[in-house]
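1. Need a 3D model of the following:
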Amino acid sequence: MSHHHKHSHHHSHGDLKGRNLLISIFLNIVITVSQIIGGIISGSLALLSDALHNFTDVLSLIISYIANKLSKKSASTNKTFGYKRAEIIAAFVNAASLIIVAILLIIEAIKRFQNPEEIESNLVIWLSFIAILANGFSVLLLKKDANSNMNMKSAYLHLLTDMMASVAVLAGGLIMKYYEVYWIDSVLTLVIAIYLIYMGWDLLKESTRVLMLFTPEEIEIKKIVAEVNAIDGIKNMHHVHIWQLNEDELHLEAHIDFEKDILLSEFDVKLLEIEKLLFEKYHINHSNIQPEFRKEDTKDIIVQD
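-> Numbering: from 1, shown residues only. Next comes the predicted model:
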């Protein structure tokens, strides 16, 4: 059996990611405390909902920070993969929390819409404007890493949706100040909540697929098997498993029947050819191949273990 590792990713700037997360955590703690106090004083549900969302931002950023640190820990004999999945778990938790918060906001918005209350709009305007600036800065800090890391993407989405929510709250504050239309506060809260569900759902599905060891959607197993079977000397590729460990590692394990009882050195040559195909065409950088010759086992592509 051969176990091959080919790393395709560059060294991540973990310390920089950690620093950016800490800055964002501090900013969001300040925003959350300010908005809770301001929401209570002004009577604005939209401001309080934004504060609640900011509080989930703080929690999600702390989770992301811890996961980022854990993911760098070395593997050991009882943790052979180390903590490489910590960031995927963080992404799942953060996405789920976005959706839960959104559902709570929808319930409160409906209640408030039925009984709109007068709101101190000046406080709403100033606090939402400050939140836009702070969250906007945090979004810029995390944007680059969000493109390549699911954990950072979950933190980035929390901050981006909160910045958008603050923009909505600011618009609502201006409408209430100049037109005294107080039911707009509940409508904006509802819009914010729906937007949270929209942003969180894809990330929740993506992180769930990774945690459940599902084959990545872009991978066609039957196509891979057909291409490997076409290599000279190979009779059959079967018992295939393909899964994503994290953003950087895509794993494959399989059994391969050979037409002849070849030497181990000959197998190594074929193995290099298989590994090259898997990596260059499908970006599979960890392959575990079990060679066989006339072994009596199930030859199905997918076998229930």
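2. Mind listing what's buried along stretch 219-228?
-> Using 16 or more other C-beta atoms under 10 Å as the test for burial, stretch 219-228 gives 219, 221, 224-225, 228. C-beta here means a position set from N, CA and C on the backbone, and glycine is covered the same way.
3. Provide the count of other residues in contact range of Ile284.
-> Using other C-beta atoms under 10 Å, Ile284 has 24 other residues around it.
4. tell me the contacts of the closest residue to it other than its chain neighbours?
-> Excluding the flanking residues, the one nearest Ile284 by C-beta to C-beta, 6 or more residues apart in numbering is Leu278, at 4.1 Å. By C-beta atoms under 8 Å, 6 or more residues apart in numbering, Leu278 lies in contact with 224, 252, 284, 287.
5. Now do the contacts for the residue nearest to the first one when sequence neighbours are not counted.
-> What sits nearest to Ile224 in space, not counting adjacent residues and going by C-beta to C-beta, 6+ apart, is Tyr282, at 6.3 Å. Remark: with contacts taken as C-beta under 8 Å, 6+ apart, Tyr282 is in contact with 219, 224, 250.
6. Let's see which of those end up in strands.
-> Leu250 (DSSP state E).
7. so Ile31 is in which element?
-> helix 14-42 (DSSP states H and E).
8. and of the contacts of Leu278, the nearest to Leu140?
-> Nearest to Leu140 among the contacts of Leu278: Ile284, at 34.1 Å, using C-beta to C-beta.
9. Show me the domain layout of this protein.
-> Annotated domains of the chain cover 9-211, 221-292 [automatic domain parsing].
10. Wasn't the residue nearest to Ile284 part of a strand?
-> No - counting by DSSP: H, G, I helix; E, B strand; the rest coil, Leu278 is not part of a strand but helix.
11. what's the distance between it and Ile262?
-> Distance check for Leu278 against Ile262: by C-beta to C-beta, to the nearest Å, it reads 20 Å.
12. Next: Ile234.
-> Counting by C-beta to C-beta, the gap from Ile234 to Ile262 is 10 Å.
13. in the lengthiest strand in the chain, what counts as buried?
-> In the chain, assigned by DSSP E, the strand with the most residues is strand 234-244. Neighbour-count burial for strand 234-244 flags 234, 236-240, 242-244 (criterion: 16+ other C-beta under 10 Å).
14. Looking at those, which one is closest to Val30?
-> Closest to Val30, out of all of those and judged by C-beta to C-beta, is Gln244, at 36.7 Å.
15. Next up, the contacts around the closest one.
-> The contact partners of Gln244, by C-beta under 8 Å, 6+ apart, come to 209-210, 216, 250-251.
16. hmm, 6 Å instead?
-> 210, 216, 250 (C-beta atoms under 6 Å, 6 or more residues apart in numbering).
17. so what's it bridging to?
-> Leu250 (DSSP bridges).
18. low-scoring stretches of the stretch 101-250 of the chain, by residue?
-> For the stretch 101-250 of the chain, applying pLDDT under 70 flags the ranges 117.
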